[in-house]
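# sequence and predicted structure below; questions after.
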Amino acid sequence: MRRALAGIAEGVLAAIICVPEATAQTPLGDRQPVPPESTVVVMLGTGTPRPLPDVMGPATAVVVGSRVFLFDVGLGVERRLAGAALPINGVTAAFITHMHSDHTLGLPDLIFSSWTFGRTRPFPVYGPKGLSAMLTHLYEAYQEDIAHREIEYGVRGGYQVNPYEIEPGIVFDSGEVRVTAFAVEHGAWRQAFGYRIDTPTRSIVISGDTRPSEELVRMATGVDVLIHEVHPAAVRQIGNRPNINWEDYIARYHTTSIQLGAIAARAKPKLLVVYHKVVAHLPTSSWLISAERLQAES
């Protein structure tokens, strides 16, 4: 038991090394062309609401052949796509885990920057209730920009995307890529999703923001890659809100490092990647979970 749990801790470190957050210095474009059935995961952004200068908001690209499936749209997403040598003129489809601002602040960037750089057709965006209203308000907020660029480009309506407000279940199934949304527990949010992606060569689960979830364990059991948020087990204060009991907040909204170790021990993914660390300035090694502590908790 102890040796197995220690192996999970080593797997966390290996995942961080093997799947870095994409930057202009680590472009996928430097790689040899990949076959159509290949699957590549790119951590475009791994951050939190904390405005760190070198960490962008949550955004994960699952690249299947030439198709790009984007999960969450954090701040800086178009620049991260460019840094990874992925298309800046639109993705195949985008999926939102929940409507917290740090997971959606990049939506206007994704929509309007991709239009500016050549997109002429909509792509689908899947997410919780409220997504359609958000997009309507974004179009209203940028109506002056839209009006002028439509004259400049000579094409009307190219900025639009197609929103789909979803429920748990299969939400995308095309070209041997299946995306299944499942409910996770994220505090007071009525709808928050994780996603499982099945491609011809890989199975991947992205947790979104969640406290420990039996449904997530079920969906992630035996997958090739589990990408899961992680928070410290003990936090006294985060940011500038001393009136908030952060330990209680994390217990209701998030998964601690110790809890994640227990989840991984049950689900047994082949690779575990941690992201969305609330104290992002801490070194990765401080997040590794010792086998002794896990055993004590079990």
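That came through, no problem.

# need phi/psi at residue 50.
Main-chain torsions, residue 50, degrees, to the nearest 10: phi -60, psi 120.

# what is the burial count for it?
14 (other CB atoms under 10 Å). Where C-beta positions appear, they are placed from N, C-alpha and C, glycine not excepted.

# and it, what's its pLDDT?
Looking at residue 50, its pLDDT stands at 81.

# roughly how far does residue 132 sit from residue 197?
23 Å (CB to CB, to the nearest Å).

# so the two - more neighbours on which side?
Using other CB under 10 Å as the criterion, residue 132 and residue 197 rank with residue 197 on top: 26 against 14.

# any regions of this protein where pLDDT drops low?
Scanning the chain for pLDDT under 70 picks out 1-36, 233-242, 244-247, 251, 278-298.

# which residue ranges form the helices in it?
2-18, 77-83, 107-108, 114-116, 131-141, 143-153, 214-220, 246-253, 257-267, 291-297 (DSSP state H).

# need the contact list for residue 56.
Neighbour list for residue 56: 21, 44-47, 74-77, 79-80 [criterion: CB atoms under 8 Å, 6 or more residues apart in numbering].

# how about residue 191?
Contacts of residue 191 by CB under 8 Å, 6+ apart are 98, 128-129, 183.

# same check, this time on residue 130
Applying CB under 8 Å, 6+ apart, the residues contacting residue 130 are 99, 165.

# also residue 268?
Residue 268 touches 221-222, counting by CB under 8 Å, 6+ apart.

# next one: it from residue 204, what distance?
Where residue 204 is concerned, residue 268 sits at a distance of 15 Å (CB to CB).

# then residue 38?
On the measure of CB to CB, residue 38 and residue 204 end up 13 Å apart.

# who has more neighbours, the two?
The neighbour count for residue 38 versus residue 204, taken as other CB under 10 Å, is higher for residue 204 (25 against 15).

# cool, thanks, talk later.
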